[in-house]
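[1] sequence-free structure coming up:
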Ligand SMILES: [Zn+2]
């Protein structure tokens, strides 16, 4: 049962095509699980289509038009390249959801935590898969930037709630938490970080350079 959904603003950005690639893959994977968000998105798509149909060039001043075009250039410099990246990332995520994780480039961080990077993706500083063994705990850490997480299989709990496959969550800069995988199976999550996370407890700080985490 999915209880954690993307914010409406995130769905608006997804619908308008302005959400960065890795974030879009998180949202589309959530949509595979969630009929509630699929129907919200269908309404947003209809609304966007109606606005495009009803809008006329004459009703928009040239300065506003230029500003919009500039914004579109900023958010999507190479749409074709982004489409190819999104397709390749989506197919990687599908494979991982089906259980094919052996050929990922895993780094063991603690006894119960492994992390595999999915490579460079435009608009994100890090896109990774987290594998927490059943019942295992991730050391307490904080976030120096926004992190979007989608549970791909299993589940975890932390100070704020319990998350199962398909659940979607966002951590903001400064949030501190220590997730623990639920019993019943290993937990696998897709994480899109704007800035890498930092461990806060002194006895885990040695992990920071190991994870190539950024200071600051
Ligand atoms: Zn949803």
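    Received it, and whenever you're ready, just let me know what you need. Treat the numbers as computed from the prediction; the structure is a model and nothing was measured.
[2] ok, and what's touching the helix or strand hosting residue 96?
    Assessed by DSSP states H and E, residue 96 sits inside helix 79-97. Residues from elsewhere that reach helix 79-97, judged by CB atoms under 8 Å, 6 or more residues apart in numbering: 21-22, 24-25, 28-29, 76, 104, 118, 121-122, 127, 129, 152-153, 188, 190. Backbone N, C-alpha and C define where each C-beta goes, glycine included.
[3] quick one: buried ones out of these?
    Applying 16 or more other CB atoms under 10 Å to the contacts of helix 79-97, the neighbour count classes 21-22, 24-25, 28-29, 76, 104, 118, 121, 127, 129, 152-153, 188, 190 as buried.
[4] still on that earlier bit, let's see which of the contacts of helix 79-97 end up in strands.
    Among the contacts of helix 79-97, the members falling in strands (DSSP state E) are 127, 129, 152-153, 188, 190.
[5] just give me the least confident of the buried ones among the contacts of helix 79-97.
    For the buried ones among the contacts of helix 79-97, the model is least confident at residue 76; its pLDDT is 49.
[6] and the helices in the protein?
    For the chain, helices defined by DSSP state H occupy the ranges 8-16, 21-33, 35-54, 62-75, 79-97, 207-210.
[7] which one of those lies closest to residue 142?
    With CB to CB, the closest approach to residue 142 among these belongs to helix 207-210: 11.3 Å.
[8] who in the chain is up against the ion?
    Proximity of the chain to the ion (CB under 5 Å from the ion) is limited to residues 5, 34, 37.
[9] please list all residues in contact with the last one.
    Contacts were defined as CB under 8 Å, 6+ apart; by that measure residue 37 touches 5-6, 11, 30-31.
[10] of the residues you listed, just the buried ones, PyMOL syntax please.
    Of these, the buried ones go into a single PyMOL selection, burial set by 16+ other CB under 10 Å:
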select buried, resi 5+6+11+30+31
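[11] least confident of the contacts of residue 37?
    Of all the contacts of residue 37, residue 11 has the smallest pLDDT value, namely 91.
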